[in-house]
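Colleague: Just a sequence and a predicted model for now, questions to come.
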Amino acid sequence: QYQQDVHRLPSPPRRLASWLWGHELAIFEGEADEMYTKWAAACGAFYKIKGALLHPDIIVAADHAAVQHIFQNSDDYVKSPAFRPPVANVLGKGLVWAEGDDHKRQRRILAPAFSPESIKGMADDVSECAEKLASRLTNFVLSHAGGATVNIVEYTSTCTLDIIGRVAFGHDFRSGQTTEAKQIAASWHGHVNGGLGFGAFVAMLVIRAVPDITRIPLPAIKAGGRIREIITKLSMRLIDRGIFTERGRDIMSILMRADKERGEKEAGLTPQQIVDNVNTFIMVGHETTAGSLSFTLLELARHPEKQQRLRDEVREFGRDLTYDDVQRLEYLDAVVKEGLRLHPASPQTERVALRDDVIPLTKPVRTTDGQTLSCVRVRAGQVFHVPFTTMHVNPSVWGANAAQFRPERWITPGGVPPPSALPHGWSGLVTFCDGPRNCIGYRLAIFEFKVILATLVRALEFHDTTAVVREKISPTLQPVTDGRGGLLPLFVTLAPPA
Ligand code: HEM
């Protein structure tokens, strides 16, 4: 039989693992990637943990070469059985859910909608939504004697929902005021808070063991499906109204037109796949950016001098940012990279090997039986956890101040490790994953992130409060304050005059 090395890999102490929940309960109870990072400091960037419910040992892969190998070979390393059923339940069977040939087809069809040219065409919508957000916050501050504490997540996420609504299917969610926008926000809030409880941890393990259980209409599963129901109804209505137009600049119009022009009917998406992709884009296209953006605003609130430096740069530039402009603002670029390095919206992913394989390593691993391995043999069925933040704050790569918010590192010669020392991916980070399954929306995400941030700091000033904000995953990066998910209080005033 094919030999594997997993049993010889280093591991965090067994005493930290319970016989029933393995090391996975400690991971769930900690902050996003906290335990992975702690254990990597002792075990190195490639180690094993004990799985819950007698699941075979899981490999934690934070080694660059190993992660690149896993991401590049996306036919051999697929999303885990625990991941896909909840995705189908909430988002439908769109791009995030699809695997193999189905994924390749959907991706090929959708890719042109996210090209640099297409994103350029979205610039006016993005700017208008950012301006609306800044006005809403400004009015709120002015009506509260010049300063007020807000839950910034509510503001960032209504803005990113506005943007994706407009660019995905020409729909205006009117700053969270439409019925659907309110329903989406309420269901998502329920979904996030439900995901923080112990019951959700157990449910995730049960789904991993018995994926078909998602067909049973349990209350938690029905709650997840509610988001899809709301958006499906909305997409159907818009399709019926013929909202996807000949001249429309939204993503779905672009796709339908491209299809028509090619005249290859069979190469297109089915009506159900279109609806499922609208669901997918609406949800992954707004909560993700909003999460990283909110944490970046918190960092700027905690570093007022960096916030002021960013404000000065934006004011000096003096006009609304076009797609080409955003590349020119050096400090803005540095702040966004630093925000996405420390607070990736999706801080970890999971993959399963479909076949026996040998995984290369950047740094050899010392096994428990005293050997040194520069590559590791794994068997089909092996589960991997890939913690992004752990890779981004590795002090042996990023230096002693790796965990600190220091945008300056990106614009100081030698401030960032050379590309050869970093993983393959946007700016040497794995924030957007890499390979054939990288984030299809990354250009839009970075562009809207920059435009919203620039528009906000130009008009407003953000201050830290005394709240203790924890960083959790449910199912994307979430602030948790006083036990409540999706809550990140910031005190907001008007920006000081130039
Ligand atoms: C800061 C914002 C964002 C971050 C950090 C982010 C991150 C990611 C990551 C890590 C993945 C891979 C997930 C995995 O394989 O486990 C992913 C996939 C994906 N993202 Fe994003 N994303 C962001 C914004 C967006 C936006 C704005 C859109 C769409 C408008 C989008 C659409 C997608 C889609 C459709 C996939 C699945 C791609 C595929 O499997 O082929 N994302 N994203």
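Modeller: Looks like it came in fine.
Colleague: Where in this protein is the helix or strand with the lowest mean pLDDT?
Modeller: Counting by mean pLDDT, DSSP states H and E, the chain has its least confident helix or strand at helix 251-262, which shows a mean of 68.
Colleague: Which strands or helices does the helix or strand following that one pack on?
Modeller: Once helix 251-262 ends, the next helix or strand along the chain (criterion: DSSP states H and E) is helix 271-284. Applying 3 or more C-beta pairs under 8 Å, 6 or more residues apart in numbering; DSSP states H and E, one finds that helix 271-284 makes contact with helix 100-110, helix 152-169, helix 219-240, helix 251-262. Bear in mind the C-beta positions are built from the backbone N, C-alpha and C, glycine included.
Colleague: rerun at 6 Å
Modeller: Contacts defined by 3 or more C-beta pairs under 6 Å, 6 or more residues apart in numbering; DSSP states H and E place helix 271-284 against helix 219-240.
Colleague: quick one: low-confidence parts of the stretch 1-150 of the chain?
Modeller: 1 (pLDDT under 70).
Colleague: 80 instead, please
Modeller: 1-2, 81-83 (pLDDT under 80).
Colleague: Kindly report the same for the stretch 301-450 of the chain.
Modeller: The stretch 301-450 of the chain contains residues with pLDDT under 80 at 319-321.
Colleague: residue ranges of the helices in it, please?
Modeller: Here the stretch 301-450 of the chain has its helices, by DSSP state H, counting those that start in this stretch, at 304-317, 330-342, 388-392, 395-398, 442-459.
Colleague: now those as CSV including distance to the ligand and mean neighbour count?
Modeller: Converted to CSV, the helices of the stretch 301-450 of the chain look like this (distance: least, C-beta to the nearest ligand atom, whole Å; neighbours: other C-beta atoms under 10 Å):
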stretch, distance to the ligand, mean neighbour count
helix 304-317, 18, 16
helix 330-342, 6, 22
helix 388-392, 7, 27
helix 395-398, 18, 17
helix 442-459, 4, 24
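Colleague: Between these, which one is closest to Tyr47.
Modeller: helix 388-392 (10.8 Å; C-beta to C-beta).
Colleague: Quick one: the helices of the stretch 301-450 of the chain as TSV, columns for distance to Thr466 too.
Modeller: Shown next, in TSV, are these (distance: least, C-beta to C-beta, whole Å):
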stretch	distance to Thr466
helix 304-317	16
helix 330-342	21
helix 388-392	25
helix 395-398	29
helix 442-459	22
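Colleague: closest to Ile27 out of these?
Modeller: Ile27 sits nearest to helix 388-392 of all those, at 11.2 Å, using C-beta to C-beta.
Colleague: could you say what helices and strands that closest one packs with?
Modeller: So helix 388-392, by 3+ C-beta pairs under 6 Å, 6+ apart, packs with helix 34-43.
Colleague: so after the helix it packs on, what's the next helix or strand?
Modeller: According to DSSP H and E, the helix or strand after helix 34-43 is strand 46-49.
Colleague: Give me the contacts around that next one.
Modeller: 6, 9-11, 23, 57-61, 63, 66, 361, 365 (C-beta atoms under 6 Å, 6 or more residues apart in numbering).
Colleague: At the contact with the ligand, which residues of the stretch 101-250 of the chain appear?
Modeller: Within the stretch 101-250 of the chain, the positions near the ligand by C-beta under 6 Å from any ligand atom are Arg107, Ile164.
Colleague: burial of the residue in the stretch 101-250 of the chain positioned nearest to the ligand, as a residue count?
Modeller: Per C-beta to the nearest ligand atom, Arg107 is where the stretch 101-250 of the chain lies closest to the ligand, at 5.0 Å. The number of residues packed near Arg107 is 14, by other C-beta atoms under 10 Å.
Colleague: got it, and Ser135?
Modeller: By other C-beta under 10 Å, the burial measure for Ser135, its neighbour count, is 13.
Colleague: How about the secondary structure of it?
Modeller: Here Ser135 is recorded as helix under DSSP: H, G, I helix; E, B strand; the rest coil.
Colleague: Same question for the one 3 residues further on.
Modeller: The assignment at Thr138 comes out as helix when based on three-state DSSP.
Colleague: so what's Gln296 closest to, chain neighbours aside?
Modeller: Actually, residue 296 is Thr. It isn't Gln. Residue nearest to Thr296 in three dimensions, not counting chain neighbours: Gly339, with 3.2 Å by C-beta to C-beta, 6 or more residues apart in numbering.
Colleague: any idea how far the one you found is from Met204?
Modeller: 28 Å (C-beta to C-beta, to the nearest Å).
Colleague: can you check Asp172 too?
Modeller: From Asp172 across to Met204, the span is 35 Å (C-beta to C-beta).
Colleague: Among these two, which residue is more densely surrounded?
Modeller: Met204 (18 against 13).
Colleague: tell me the angle of whichever helix or strand that one is part of relative to helix 219-240?
Modeller: In this assignment (DSSP H and E), Met204 forms part of helix 198-209. Here the directions of helix 198-209 and helix 219-240 differ by 80 degrees (axes from the mean of the first three to the mean of the last three C-alpha atoms, to 10 degrees).
Colleague: how many neighbours does the residue in the chain that the ligand sits nearest to have?
Modeller: The ligand sits closest to Gly441 of the chain, with a gap of 2.2 Å, by C-beta to the nearest ligand atom. Using other C-beta under 10 Å, Gly441 is surrounded by 25 other residues.
Colleague: Now do the contacts for it.
Modeller: Gly285.
Colleague: how about a cut-off of 7 Å?
Modeller: By C-beta atoms under 7 Å, 6 or more residues apart in numbering, the contact list for Gly441 reads Phe114, Gly285.
Colleague: can you pull the pLDDT of Val192?
Modeller: The confidence metric pLDDT takes the value 89 at Val192.
Colleague: same deal with Gly242?
Modeller: At Gly242, pLDDT is 60.
Colleague: next one: Val275
Modeller: 82.
Colleague: Thr232 is in contact with that one, correct?
Modeller: Yes - when contacts are counted by C-beta atoms under 7 Å, Val275 is listed as touching Thr232 (5.6 Å).
Colleague: Between these two, which has more neighbouring residues?
Modeller: Neighbours were counted for Val275 and for Thr232 using other C-beta under 10 Å; Val275 has more, 24 against 17.
Colleague: Excluding residues flanking it in the chain, which one is nearest that one?
Modeller: Ser235 (4.7 Å).
Colleague: ditto for Asn193
Modeller: Gly485 (4.6 Å).
Colleague: For burial, what's the neighbour tally of that neighbour?
Modeller: So Gly485, with other C-beta under 10 Å, has 21 neighbours.
Colleague: cool, Ile49 as well?
Modeller: Ile49 is flanked by 24 other residues according to other C-beta under 10 Å.
Colleague: roughly how far apart are Gln371 and Val60?
Modeller: For Gln371, the distance to Val60 - C-beta to C-beta - is 19 Å.
Colleague: So for those two, which sits in the more crowded spot?
Modeller: Between Gln371 and Val60, counting by other C-beta under 10 Å, Val60 is the more crowded of the two (27 against 11).
Colleague: For the more buried one, list each beta-bridge partner.
Modeller: Beta-bridge pairing for Val60 (DSSP bridges): Tyr47, His385.
Colleague: Now do the contacts for Tyr155.
Modeller: Contacts of Tyr155 by C-beta under 7 Å, 6+ apart are Leu133, Arg136, Leu137.
Colleague: which one among those gets closest to Ile452?
Modeller: Here the nearest of the contacts of Tyr155 to Ile452, counting by C-beta to C-beta, is Leu133; it sits at 6.6 Å.
Colleague: circling back to that earlier point, wait, the residue nearest to Thr296 sits on Leu298?
Modeller: No - the pair Gly339 and Leu298 fails to qualify as a contact (C-beta under 7 Å) at a distance of 9.5 Å.
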